[in-house]
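**Student:** predicted coordinates and the sequence they were generated for:
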Amino acid sequence: MMINFLRRRQMNKKNSEKGVALLMAIFAMTLLTTIAVEVQYGTQIESLSASQGLNKLRAYYAAKAGVEMSLFRILIYKKALAQFGKDLGPNASMLDKIWQMPLPWPLPIPKDAMGTTKDEVNKVLKESIFDGKYMTSIENESSKIDINELGSKSKNMREATQVKILNIFKERVKGEDKWAQDHQGYDFEKLVNNIVDWVDEDTVSLNSGDENSLYSEIKDVTDLPPNQPFKTLQELHMVAGMEDNLFNILVPNITVYGSKAINVNQAPKEVLMSLDPLIEKETADKIIERRNDELKGGPFLDEKDFFSFLEGLGLRTTTLKEKNIPLEFDSVINFRVTSTGNYSNMSRKIVAIVYDFDRVKDRLKDILTKEKGTGQPPPVPSPGQPNPPAAGQPPQPASPTDPDKKSTVPKGRPQVVYWFEN
């Protein structure tokens, strides 16, 4: 009997040990499974992160490829204009198609394209080592209002720019009842004066008092306004009285990379309307219709052609002429390139500004010479450059029909002065 008891006790002990061993095995298995799942999850996260980082990098280079292609298009346009502009004469605007058309990659295949064409395009796409996508557009930056002209040494340019910016707000008040109601009683002239105070050289506010007093509430800042040109349009947000809705109205129509004149053949409707209160929406639409339709006259040749057209619509141009607003009718000088690259689910955007320093410098010199009328002899032109106007005489536009321009064929990559990546 004692022996049976001892045997049963020994068997119970063994069963107990087996249960503990089983529990330990289950615990170890659970621990190992948890570790394996965590490692796998971490690996997946790292792999996904690395994949997204790689896709983002590929999207960036796709956007950059679009920018480089756009710069190449601008160079081709300038070369074509220099070589064939004189021969084309008033029809030189046909060359604008080189840069105006948006350019996507891969190239879309029209639905009505021939089967052979589709096969050739698909073959090129298949053989290409570039597997990203981009969409690029090129805008005429010089057709916008240069806000830095509010601090110009030219009195005419300062006053004309001030009037043009003020007119943008006035036209919005006339054109949108709700917007006018929301801004009833708002002093837009005071806001424009604040913008002028930001860039002019003195410290006396056009609204009376010290310019700095408007920014006294900003801590640890004593040099506002800076009395210097705007470096970016975003800086406009810092001007006293500038609200987001007012900023959003101005931004599409202004720039800090202007050409010192308004290109009538390229300017958007709002900029055309800002030239004079008499140029309302209907008139601006007719101006755009005329310059875009060769059968109706095509692009305007010069100020005489433009003013004659306005007078033909029944508008008095006396006030506009007295303002001496610098107008241009020749080729585009400065460009804004926008390129959006895509790869998988990632997207990157690059904005670049192409700026022609030499053309802008010559134009500003002509404007100042005309305005001052000092009677000083004109400077000796450099080889290959057109003769500058005599003091007091209207400047000769640097048009594509100028024979001297034909010999100056641009070379190399266009000059980029602004580069923004997002």
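**Tutor:** All right, it came through fine. Everything quoted here is computed from the prediction, not taken from an experiment.
**Student:** the strands in the stretch 1-150 of the chain, which residues?
**Tutor:** In the stretch 1-150 of the chain, the strands defined using DSSP state E, counting those that start in this stretch lie at 103-105, 133-140, 145-146.
**Student:** pLDDT score for residue 89?
**Tutor:** With respect to pLDDT, residue 89 scores 77.
**Student:** err, residue 396, not the other one
**Tutor:** pLDDT at residue 396 comes out at 44.
**Student:** then residue 197?
**Tutor:** 92.
**Student:** what about it, distance to residue 339?
**Tutor:** Here residue 197 is placed at a distance of 36 Å from residue 339 (CB to CB, to the nearest Å). For every residue, glycine as well, the C-beta is placed using N, CA and C.
**Student:** the longest helix seen in the chain - contacts with which helices or strands?
**Tutor:** If you go by DSSP state H, the chain has its longest helix at helix 2-88. Judged by 3 or more CB pairs under 8 Å, 6 or more residues apart in numbering; DSSP states H and E, helix 2-88 is in contact with helix 97-100, strand 103-105, strand 133-140, strand 335-343, strand 346-354, helix 403-406, strand 416-421.
**Student:** thinking residue 56 is in contact with residue 346, fair?
**Tutor:** Yes - taking CB atoms under 8 Å as the definition, residue 56 is a contact partner of residue 346 at 4.5 Å.
**Student:** between these two, tell me which one has more neighbours.
**Tutor:** Between residue 56 and residue 346, counted using other CB atoms under 10 Å, residue 346 has the larger neighbour count: 19 against 16.
**Student:** dump the residue contacts of the more buried one.
**Tutor:** Residues in contact with residue 346, defined by CB atoms under 8 Å, 6 or more residues apart in numbering, are 52, 55, 56, 58, 59.
**Student:** that one bridge partners, please.
**Tutor:** Beta bridges link residue 346 to residue 343 when assigned by DSSP bridges.
**Student:** re the thing from before, adding mean pLDDT and distance to residue 118, write the helices and strands packed on helix 2-88 out as a markdown table.
**Tutor:** Output for these, formatted as a markdown table (pLDDT from 0 to 100; distance: least, CB to CB, whole Å):
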| stretch | mean pLDDT | distance to residue 118 |
| --- | --- | --- |
| helix 97-100 | 90 | 24 |
| strand 103-105 | 90 | 16 |
| strand 133-140 | 93 | 19 |
| strand 335-343 | 95 | 23 |
| strand 346-354 | 94 | 27 |
| helix 403-406 | 42 | 41 |
| strand 416-421 | 93 | 35 |
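**Student:** so which of these comes closest to residue 294?
**Tutor:** helix 97-100 (12.9 Å; CB to CB).
**Student:** just the residues contacting that closest one, thanks.
**Tutor:** 70, 73, 74, 76, 77, 80, 138, 332, 335.
**Student:** save the helices and strands packed on helix 2-88 as CSV, and put in distance to residue 153 too.
**Tutor:** Converted to CSV, those look like this (distance: least, CB to CB, whole Å):
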stretch, distance to residue 153
helix 97-100, 31
strand 103-105, 39
strand 133-140, 25
strand 335-343, 26
strand 346-354, 23
helix 403-406, 26
strand 416-421, 21
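**Student:** closest to residue 237 out of these?
**Tutor:** Nearest to residue 237, of these and by CB to CB, is strand 416-421 at 15.9 Å.
**Student:** just checking: what are the partner strands of that closest one?
**Tutor:** By DSSP bridges, strand 416-421 pairs with strand 346-354 (antiparallel).
**Student:** tell me which residues of the following helix or strand past the strand it pairs with are tucked away?
**Tutor:** Downstream of strand 346-354, the next assigned helix or strand under DSSP states H and E is helix 357-372. Neighbour-count burial for helix 357-372, counted by 16 or more other CB atoms under 10 Å, picks out 359, 360, 362, 363, 364, 365, 366, 367, 368, 369, 370, 371.
**Student:** report all helices and strands that helix 357-372 contacts.
**Tutor:** helix 155-175.
**Student:** please name the nearest non-neighbouring residue to residue 197.
**Tutor:** Leaving aside its sequence neighbours, residue 197 sits nearest to residue 211 (CB to CB, 6 or more residues apart in numbering; 4.6 Å).
**Student:** for that neighbour, what are phi and psi?
**Tutor:** phi -60, psi -40 (degrees, to the nearest 10).
**Student:** what's the neighbour count on it?
**Tutor:** Neighbours of residue 211 (other CB under 10 Å): 22.
**Student:** OK, contacts around it?
**Tutor:** By CB under 8 Å, 6+ apart, the neighbours of residue 211 are 197, 202, 203, 204, 205, 225, 227.
**Student:** so which of those are in helices?
**Tutor:** Per DSSP H, the subset of the contacts of residue 211 in helices is residue 197.
**Student:** can you pick the most crowded of the contacts of residue 211?
**Tutor:** Counting by other CB under 10 Å, top hit in the contacts of residue 211: residue 197 with 24 neighbours.
**Student:** any idea how far residue 209 is from that residue?
**Tutor:** From residue 197 to residue 209 the distance is 10 Å (CB to CB).
**Student:** and what of residue 109?
**Tutor:** From residue 109 over to residue 209 (counting by CB to CB), the distance is 64 Å.
**Student:** show me which of those two is the more surrounded one.
**Tutor:** residue 109 (13 against 10).
**Student:** so what touches stretch 148-166?
**Tutor:** 145-147, 188-189, 192, 195-196, 199-201, 229-230, 250, 254, 256, 258, 260, 262, 271, 274-275, 323-326, 364, 367-368, 371.
**Student:** what is the nearest of the contacts of helix 97-100 to residue 217?
**Tutor:** Of all those, residue 217 sits closest to residue 335, with 39.6 Å by CB to CB.
**Student:** who's the closest one bridged to?
**Tutor:** Counting by DSSP bridges, the residues bridging with residue 335 are residue 140, residue 354.
**Student:** returning to what we had before: pull out the buried members of the contacts of residue 346.
**Tutor:** Buried among these by 16+ other CB under 10 Å: 55, 56, 58, 59.
**Student:** how about the residue nearest the centre of the chain, what does it touch?
**Tutor:** By CA atoms, centre = their mean, the mean C-alpha position of the chain lies nearest to residue 336, the distance being 4.7 Å. Going by CB under 8 Å, 6+ apart, residue 336 touches 138, 139, 140, 141, 257, 351, 352, 353, 354.
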